[in-house]
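Peer 1: Below is the sequence, then the predicted model.
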Amino acid sequence: MGVKIVSLPSGKTLFELNSDKLLHPASNVKLLTTASALHYLGSNFEIRTEFSMDGNKNLYIKSYGNSLLRTEHFTEIAQHIVQKKYHTLNDIIADVSYFDDTYWGKGWMWDDEPDKTAMYISPLSLNGNTVAVYVTPSSVGKNPMVEIAPNTHFIALQNTAITSRIASLPKFEVTRKWKERENTII
């Protein structure tokens with residue numbers, strides 16, 4: 001942990017402990033972030049997500065940092081567009097140009113990435129930039145059944161687990177090929 005307490009009137013440091021160390025911010029930093037956002041952006045500020053179509057029946061999505069978008073939102077909007085106007089969609093194209101190309105925050109470590117709480121910084125995040133993995137045991141000696149949600153062809157599955165009755169064997173782990181920069185869940 002690290003702390004530094006400074007007198008605002010005098011600028012004098014009253015107390016400090018490990019104040020020069022790089023540390024991961026504690027979860028209470030969100031309180032300061034929220035207070036700053038309310039102060040500078042105002043309580044009526046809304047993060048936009050824009051949807052548009054082109055003449056080739058392609059749906060374009062441009063988001064400006066909404067981290068609460070879910071698959072269901074896109075499904076509802078796409079169904080509405082198909083029903084009301086176009087009847088079919090060719091492609092859904094995501095525009096992530098609103099932010100720069102820095103995907104990690106300052107001080108984040110390269111090996112933070114496989115953790116589900118270390119999502120990339122992106123103006124277009126869907127489902128918290130995570131995929132749910134469901135593993136169901138099968139017959140002893142066989143691979144368990146593995147499913148992902150949302151179901152997508154963008155992610156490959158590599159299932160090397162084996163169902164066993166022996167409790168002393170190591171538990172299985174779900175991860176992905178993050179060092180290789182692949183969308184393969186192992």
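Peer 2: Noted; the coordinates are in hand.
Peer 1: Return the helix or strand in the protein with minimum mean pLDDT.
Peer 2: Sorting the helices and strands of the chain by mean pLDDT, DSSP states H and E puts helix 71-81 at the bottom, at a mean of 84.
Peer 1: Dihedrals phi and psi, the residue nearest in space to the middle of the chain?
Peer 2: Nearest to the mean C-alpha position of the chain, counting by Cα atoms, centre = their mean, stands N129 at 2.5 Å. For N129, the backbone dihedrals (degrees, to the nearest 10) come out as phi 50, psi 30.
Peer 1: mind listing what it touches?
Peer 2: Residues near N129 by Cβ atoms under 8 Å, 6 or more residues apart in numbering: 119-120, 122. For every residue, glycine as well, the C-beta is placed using N, CA and C.
Peer 1: measure it to M145 for me?
Peer 2: According to Cβ to Cβ, to the nearest Å, N129 and M145 sit 25 Å apart.
Peer 1: repeat for H80
Peer 2: 34 Å.
Peer 1: Give me the below-cutoff pLDDT ranges for the protein.
Peer 2: Across the chain, the ranges flagged by pLDDT under 70 are 114, 116-117.
Peer 1: could you show me where the helices are in it, in order?
Peer 2: Along the chain, counting by DSSP state H, helices occupy 29-41, 71-81.
Peer 1: Contact partners for F51?
Peer 2: 59-61, 77, 81.
Peer 1: can you redo those residues as JSON lines with distance to A37 and neighbour count?
Peer 2: Listed next are the contacts of F51 as JSON lines, based on distance: Cβ to Cβ, whole Å; neighbours: other Cβ atoms under 10 Å:
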{"residue": "L59", "distance to A37": "30", "neighbour count": "20"}
{"residue": "Y60", "distance to A37": "27", "neighbour count": "14"}
{"residue": "I61", "distance to A37": "23", "neighbour count": "20"}
{"residue": "I77", "distance to A37": "26", "neighbour count": "15"}
{"residue": "I81", "distance to A37": "31", "neighbour count": "17"}
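Peer 1: ok, those vs L23, which is closest?
Peer 2: I61 (35.8 Å; Cβ to Cβ).
Peer 1: For Y134, which non-adjacent residue is closest in space?
Peer 2: Leaving out its chain neighbours, the residue that sits closest to Y134 by Cβ to Cβ, 6 or more residues apart in numbering is E147, at 4.7 Å.
Peer 1: The one you found: neighbour count?
Peer 2: Each residue near E147 was counted by other Cβ atoms under 10 Å, and the total is 11.
Peer 1: now it: how far from V174?
Peer 2: Applying Cβ to Cβ to E147 and V174 gives a distance of 12 Å.
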